[in-house]
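Structure here, sequence nowhere to be found:
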């Protein structure tokens, strides 16, 4: 082929590709313009919570926002309408997960079925988990929840300044009992510490956008000693926590089963069923171990974040606290709305190309549902930054238009299967604390109130940043109840 012909063919090919990309880009949802090579790499925030930036983009560009980094596409949904239409009504197409190179490949979170691709392997995990944590199964866990709640009340009485530790031990105590039949130690329990350590790394790997390997996966093969490969060294250390969290409690549970000392639990019951069944694949034990590990991690950390958010709200809103004693359900909903525990959820990914309101969504696009934006939509919730529990009480015989519980736990086929246990445990804690304690601001040496700042640390799970408060028993009768020993018919 003559050089001139080859040149023109190449030229036309390049022009054709560019024209096709321009046409496709014109049909994509709006968003920040970005740069030619890096796309929106510099637009994704690292120093402030991403959900706030995404909400701001929604106010500027509309309910659906498009960004791209090194060719990796992401669509952010900032409205209930868009989330419902895509993630709920079209859930068969939007139930996949995008590749998470830093978290899954390098930090070894591939076993976490929350991160798994939409597949039969994921379905098997989901089915195994659901059978033990569906709504009708939750009453069986009430004794463990009641014991843990009584212990929490007593610890708040003895040392209220350590309320964060007490909440962490409570949440860990409930889920460890349910999943492994494990009774946590009164202080410095190693399993509670293990979950905290594992979550620290995971929080930095999902949604953060700070690891270039998530946009250029080929970088996962570079040697860890290479300059600029610090992410490989971090991932190696964090991977130890991920695998230890999954393996150590499970192996100890298996040892107790062999010794005949295990108590009923999710893991013990499923392993016994597996042992009795004939012809079951050996991979089922891996499924049980994986499901136990994520229940242990997610069940403790999200409950911690939710309860600490509620305590922060109660500290800053004494008038709402008083009303809450009469209407606890309303305050549960308002806590879920006001301080979103998982503001962006876990990203979805569409399997095939789609259209929404005239916008083109290419196949394989990461889809982020900004639950924070939905639950702070002033059209749905007037004065969204204020803590107003009564907004969820029936008005003139009408129910509220949206309950945050339907947003806070995800959407479609990837909705959180452990939501019933999390809500049940949290509700019990909130009721018991409200009935026995007055939560107030802490005071400094001059007797002045220390007003907490409403700030949340970014990550998959948004925890309130450290704050101070006080817990005072409501009465001598309440204190006596807190300190009393349980009977067979009480908590």
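Arrived safely. Values in this document were obtained by computation on a predicted structure and should not be read as measured data. Residues are numbered from 1 along each chain as shown.

I'd like the distance between residue 38 and residue 57.
With distances defined as CB to CB, to the nearest Å, the gap from residue 38 to residue 57 amounts to 18 Å. C-beta: built from backbone N, CA, C; applies to glycine.

quick one: which of these two has more around it?
In this view residue 38 and residue 57 are compared by other CB atoms under 10 Å, and residue 57 has more residues nearby, 21 against 13.

which residue packs closest to that one, ignoring adjacent ones?
Across the structure, with CB to CB, 6 or more residues apart in numbering as the measure, the residue nearest residue 57 apart from its sequence neighbours is residue 65 (4.7 Å).

Spit out the contact partners of that neighbour.
Residues touching residue 65, when contacts are defined by CB atoms under 8 Å, 6 or more residues apart in numbering, comprise 29, 30, 31, 54, 57, 58, 75, 76, 78.

Likewise for residue 59?
Contacts were defined as CB under 8 Å, 6+ apart; by that measure residue 59 touches no other residue.

My understanding was that residue 292 contacts residue 266; is that so?
Yes - between residue 292 and residue 266 there is a contact under CB atoms under 8 Å: 6.0 Å.

who touches both of those two?
Contact criterion CB under 8 Å, 6+ apart; residues shared by residue 292 and residue 266: 179, 180.

and after the helix or strand harbouring the residue nearest to residue 57, which helix or strand comes next?
With secondary structure defined by DSSP states H and E, residue 65 is part of strand 64-69. Stepping forward along the backbone from strand 64-69, the first helix or strand reached (DSSP H and E) is strand 72-77.

circling back: now flag whichever of the contacts of residue 65 is closest to residue 96.
Nearest to residue 96 among the contacts of residue 65: residue 75, at 13.4 Å, using CB to CB.

list the contacts for that closest one?
Shown here is residue 75, whose contacts under the criterion CB under 8 Å, 6+ apart are 29, 64, 65, 66, 361, 365, 366, 367, 368.

In a markdown table, list those along with distance to residue 165 and pLDDT.
Compiled in a markdown table, these are given as follows (distance: CB to CB, whole Å; pLDDT from 0 to 100):
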| residue | distance to residue 165 | pLDDT |
| --- | --- | --- |
| 29 | 44 | 95 |
| 64 | 42 | 95 |
| 65 | 39 | 96 |
| 66 | 43 | 96 |
| 361 | 45 | 94 |
| 365 | 41 | 95 |
| 366 | 36 | 93 |
| 367 | 37 | 94 |
| 368 | 33 | 93 |
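
Pull the residues that contact stretch 31-40.
If you take CB under 8 Å, 6+ apart as the criterion, stretch 31-40 is touched by 41-43, 57, 61, 65-72.

So for that stretch, what gets flagged as buried?
Counting neighbours by 16 or more other CB atoms under 10 Å, one finds that the buried residues in stretch 31-40 are 31, 32, 34, 39, 40.

How about stretch 158-174?
160, 163, 164, 166, 167, 168, 169, 170, 171, 172, 173, 174.

Now that residue 242 has come up, it's in contact with residue 199, right?
No - applying CB under 8 Å as the test, residue 242 and residue 199 come out as separate, 10.0 Å apart.

Correct me if wrong, but residue 438 is in a strand.
Yes - when the secondary structure is assigned by DSSP: H, G, I helix; E, B strand; the rest coil, residue 438 falls within a strand.

pLDDT score for it?
Note on residue 438: pLDDT of 91.

you'd agree it is up against residue 474?
Yes - between residue 438 and residue 474 there is a contact at 5.7 Å, judged by CB under 8 Å.

Okay, now stretch 76-92: how far is its last residue from its first?
Across its full length, stretch 76-92 reaches 19 Å between end residues, using CA to CA, to the nearest Å.

And it, how far out from the chain middle?
When distances are taken as CA atoms, centre = their mean, to the nearest Å, stretch 76-92 is centred 18 Å away from the chain's centroid.

can you list contacts of stretch 189-205?
The list of residues contacting stretch 189-205 from outside it, by CB under 8 Å, 6+ apart, reads 100, 102-103, 107, 109, 168-169, 172-173, 176, 182, 184, 210-211, 234, 237-238, 241-242, 244-245, 248-249, 296-297, 300-301, 457-461.

Following element in sequence after the one helix or strand residue 310 maps to, please.
With secondary structure defined by DSSP H and E, residue 310 is part of helix 283-316. Reading on from helix 283-316 to the C-terminus, the next helix or strand found by DSSP H and E is helix 318-324.

for that following helix, what is the average pLDDT?
Mean pLDDT, helix 318-324: 81.

which residues are in contact with it?
Applying CB under 8 Å, 6+ apart, the external contacts of helix 318-324 come out as 313-314, 330-331, 334, 387-390, 430, 434, 438-440.

by contact count, what packs against the next helix or strand after it?
Toward the C-terminal end, the helix or strand that comes next after helix 318-324 (DSSP H and E) is helix 328-338. For helix 328-338, the helices and strands in contact under the criterion 3 or more CB pairs under 8 Å, 6 or more residues apart in numbering; DSSP states H and E are helix 283-316, helix 318-324, helix 371-375, helix 405-408, helix 419-436.

tell me the mean pLDDT for helix 328-338?
Averaging pLDDT along helix 328-338 yields 82.

Quick check: buried residues in that helix?
The neighbour-count criterion (16+ other CB under 10 Å) identifies 328, 330, 331, 332, 333, 334, 335, 336, 337, 338 as the buried residues of helix 328-338.
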